[in-house]
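A.B. asks: Take this sequence and fold it.
(chains A and B)
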There are 2 protein chains.
Amino acid sequence: MADPSRSMAAPAVILLSGGLDSATAAAVARSQGFALYAISYDYGQRHRVELEAARRVGESLGVLGHVTVPIDLRAFGSSALTADIGVPKDRSPDAMGEGIPITYVPARNTVFLSLALAYAEVHGAADLFIGVNAVDYSGYPDCRPEFIAAFEQMANLATKASVEGSLRFKIHTPLVELSKADIIRTGTRLGVDYGLPRSCYDPDSSGAACGHCDSCTLRLKGFAEAGLTDPAPYQS
Amino acid sequence: MADPSRSMAAPAVILLSGGLDSATAAAVARSQGFALYAISYDYGQRHRVELEAARRVGESLGVLGHVTVPIDLRAFGSSALTADIGVPKDRSPDAMGEGIPITYVPARNTVFLSLALAYAEVHGAADLFIGVNAVDYSGYPDCRPEFIAAFEQMANLATKASVEGSLRFKIHTPLVELSKADIIRTGTRLGVDYGLPRSCYDPDSSGAACGHCDSCTLRLKGFAEAGLTDPAPYQS
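C.D. replies: Sure thing, here's the model as predicted:
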């Protein structure tokens, strides 16, 4: 997966979920000249097809390394993403509700960014990229810009590399002001193969998306608004 | 392990390593009236006897719950605590060196506190206790008060409970100004059984401490300065 011509580029860590947003954030990071190290999390999610997608997305972007960290949050509590409760279907984006979604996982991005920080320090990477965006941060507190800023400040007090002065960590959120359609336009311009990332909450055994869960609804609406066709497989 | 008479007390999460410091921090939390939920980490450390010690310490303190989270930081890099490199022996505390010790693990307390935050949110616990102290924070950046303060600020922007206003997180560091002897005096006053916690970097198969690694040296010096005898087993 390593492209030797990129090995002198500054390293950056990208949090790759296997979904469309993080694939786009990774493409933005690459377009800025960073050499990418990807990190993914196996947190007992039902949609394990995302982890395979993350791997393929990383390969397509020529990452220099990719770790998948097993981290079982189910010991702590439940969530629609990890527990066996129903996935809402065919809700309009407006009906996805006010407040924090049932798919909220306690402290998820805090845990994910903390592990990414450790990975970044090991690789001497001052730059971390995460695909949080306007669609998410209406609902998830740990997707908001003020959370990201506070995490960055904490990170710069947390590590040997930052305290000794060799690294000044920056958490990049290149999608933070973008709508789903804007994200898809950006990624398309950067050559992202949107046939690879998957984020359906209820895929079939082949990995084909349901087309009706909140994630599929937002994705399909984004492609429609961008005037593009989603190349990912859907259940017929 | 639950003591029903404590079940109406405010819950708190204690990070229990199995060592002397966290056992003392837990006793302080209990003395302040908190009902304790313990969290420990299996991060591939060589001294796995610490995990058994953490379990026994938790039981002795009547914790209402105890989770041990497997989190393999070895995928990221190495450290004396996890890799197969030599453990320094018979160094005087002064000779343990300036700067950050070789036992540094990238972003360790950031990762540990992040998981503790998730556990706290699930249990409705606003209070987290961690046994960082003056002995540690001379060397480890993620034991310093400024790191703890930054983590607390980030935590209050990170979760559903803090953003919706039901929890205001506080990270308690009751040992932060204490020497090892002061910690031992405090715990002894609170009835801690120091025969339970273990933190030797090089125990034998029975769990007996080596008496010569940095951790043993600091511990034995602390007991000597406190005018007390360490009840833990040492290799003869």
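A.B. asks: Now do the same contact list for residue A:14.
C.D. replies: For residue A:14, the contacting residues are A:22, A:25, A:26, A:29, A:36, A:37, A:38, A:39, A:63, A:128, A:129, A:130, by Cβ atoms under 8 Å, 6 or more residues apart in numbering or on different chains. Any C-beta I mention is one placed from the backbone N, CA and C, and that applies to glycine too.
A.B. asks: which strand in chain A runs the most residues?
C.D. replies: strand A:35-42 (DSSP state E).
A.B. asks: Could you check the angle the host helix or strand of residue A:55 makes with strand A:35-42?
C.D. replies: Taking DSSP states H and E as the criterion, residue A:55 maps to helix A:49-60. Angle between the axes of helix A:49-60 and strand A:35-42 is 170 degrees (criterion: axes from the mean of the first three to the mean of the last three Cα atoms, to 10 degrees).
A.B. asks: in chain A, which spans are strands?
C.D. replies: A:11-15, A:35-42, A:65-70, A:127-129, A:170-172.
A.B. asks: Considering those strands, which stretch scores lowest in mean pLDDT?
C.D. replies: Of all these, strand A:65-70 carries the lowest average pLDDT, namely a mean of 89.
A.B. asks: Please see if that one touches chain B.
C.D. replies: Yes: using Cβ under 8 Å from any Cβ of the partner chain, we find that strand A:65-70 touches chain B at A:67, A:69, A:70.
A.B. asks: which among those residues gets closest to chain B?
C.D. replies: Set against chain B, the nearest of the residues of strand A:65-70 next to chain B by Cβ to the nearest Cβ is residue A:67 (5.1 Å).
A.B. asks: was I right about that closest one contacting residue A:41?
C.D. replies: No: at 9.6 Å, residue A:67 does not count as touching residue A:41 under the criterion of Cβ atoms under 8 Å.
A.B. asks: Between the two, point out the one with more neighbours.
C.D. replies: Shown here are residue A:67 and residue A:41; by other Cβ atoms under 10 Å in any protein chain shown, residue A:41 has more neighbours (24 against 17).
A.B. asks: Tell me who's in contact with the more buried one.
C.D. replies: Counting by Cβ under 8 Å, 6+ apart, the residues that residue A:41 touches are A:17, A:68, A:69, A:71, A:112, A:115.
A.B. asks: What's the separation between it and chain B?
C.D. replies: Counting by Cβ to the nearest Cβ, to the nearest Å, the separation of residue A:41 from chain B is 11 Å.
A.B. asks: got it, and residue A:90?
C.D. replies: 25 Å.
A.B. asks: try residue A:230
C.D. replies: Relative to chain B, and taking Cβ to the nearest Cβ, residue A:230 is found at 31 Å.
A.B. asks: for that residue, what are its contacts?
C.D. replies: A:194, A:219, A:220, A:223.
A.B. asks: Kindly recompute the last result at 6 Å.
C.D. replies: Each residue near residue A:230 by Cβ atoms under 6 Å, 6 or more residues apart in numbering or on different chains is listed here: residue A:223.
A.B. asks: Could you do the one 5 residues further on as well?
C.D. replies: For residue A:235, the contacting residues are A:204, A:208, A:210, taking Cβ under 6 Å, 6+ apart as the criterion.
A.B. asks: Where do the helices of chain A begin and end?
C.D. replies: A:20-31, A:49-60, A:108-122, A:134-137, A:145-158, A:160-163, A:180-189, A:214-226 (DSSP state H).
A.B. asks: Comparing the ones you listed, which yields the minimum mean pLDDT?
C.D. replies: Among the helices of chain A, helix A:134-137 scores lowest, at a mean of 69.
A.B. asks: which parts of chain A sit against chain B?
C.D. replies: A:67, A:75-77, A:100, A:104, A:106-107, A:110-111, A:114-115, A:117-119, A:121-122, A:141-142, A:146-147, A:150-151, A:153-154, A:157-160, A:163 (Cβ under 6 Å from any Cβ of the partner chain).
A.B. asks: May I have the beta-bridge partners of residue A:89?
C.D. replies: In this structure, residue A:89 bridges to residue A:213 when assessed by DSSP bridges.
A.B. asks: That one: neighbouring residues, count only.
C.D. replies: 14.
A.B. asks: Now do the closest residue to residue A:9 other than its chain neighbours against residue A:119, distance only.
C.D. replies: Counting by Cβ to Cβ, 6 or more residues apart in numbering or on different chains, the nearest residue to residue A:9 once its immediate chain neighbours are dropped is residue A:35, at 4.0 Å. Separation of residue A:35 from residue A:119 (Cβ to Cβ, to the nearest Å) stands at 14 Å.
A.B. asks: more crowded one of these two?
C.D. replies: residue A:119 (25 against 22).
A.B. asks: is it true that the more buried one touches residue A:38?
C.D. replies: No: judged on Cβ atoms under 6 Å, residue A:119 makes no contact with residue A:38 at a distance of 9.3 Å.
A.B. asks: I'd say residue A:142 and residue A:109 touch.
C.D. replies: Yes: counting by Cβ under 6 Å, residue A:109 is a contact partner of residue A:142 at 3.7 Å.
A.B. asks: Neighbour count: the two, which is higher?
C.D. replies: Neighbours around residue A:142 and residue A:109, counted as other Cβ under 10 Å, are more numerous at residue A:142. The numbers are 26 against 23.
A.B. asks: ok, now which ones touch the more buried one?
C.D. replies: A:109, A:110, B:158.
A.B. asks: burial measure for the second one, as a count.
C.D. replies: Residue neighbour count, defined by other Cβ under 10 Å, stands at 28 for residue A:110.
A.B. asks: gap between it and residue A:40?
C.D. replies: Taking Cβ to Cβ, one finds residue A:110 at 17 Å from residue A:40.
A.B. asks: Could you do the first one as well?
C.D. replies: When distance is defined by Cβ to Cβ, residue A:109 is 14 Å away from residue A:40.
A.B. asks: Repeat that for the last one.
C.D. replies: Counting by Cβ to Cβ, the gap from residue B:158 to residue A:40 is 20 Å.
A.B. asks: neighbour-wise, which of those two wins?
C.D. replies: Relative neighbour count places residue B:158 above the other of residue B:158 and residue A:40, with 31 against 23, counting by other Cβ under 10 Å.
A.B. asks: Find the nearest non-adjacent residue to residue A:195, please.
C.D. replies: Nearest one to residue A:195, counting by Cβ to Cβ, 6+ apart, is residue A:231 at 4.0 Å.
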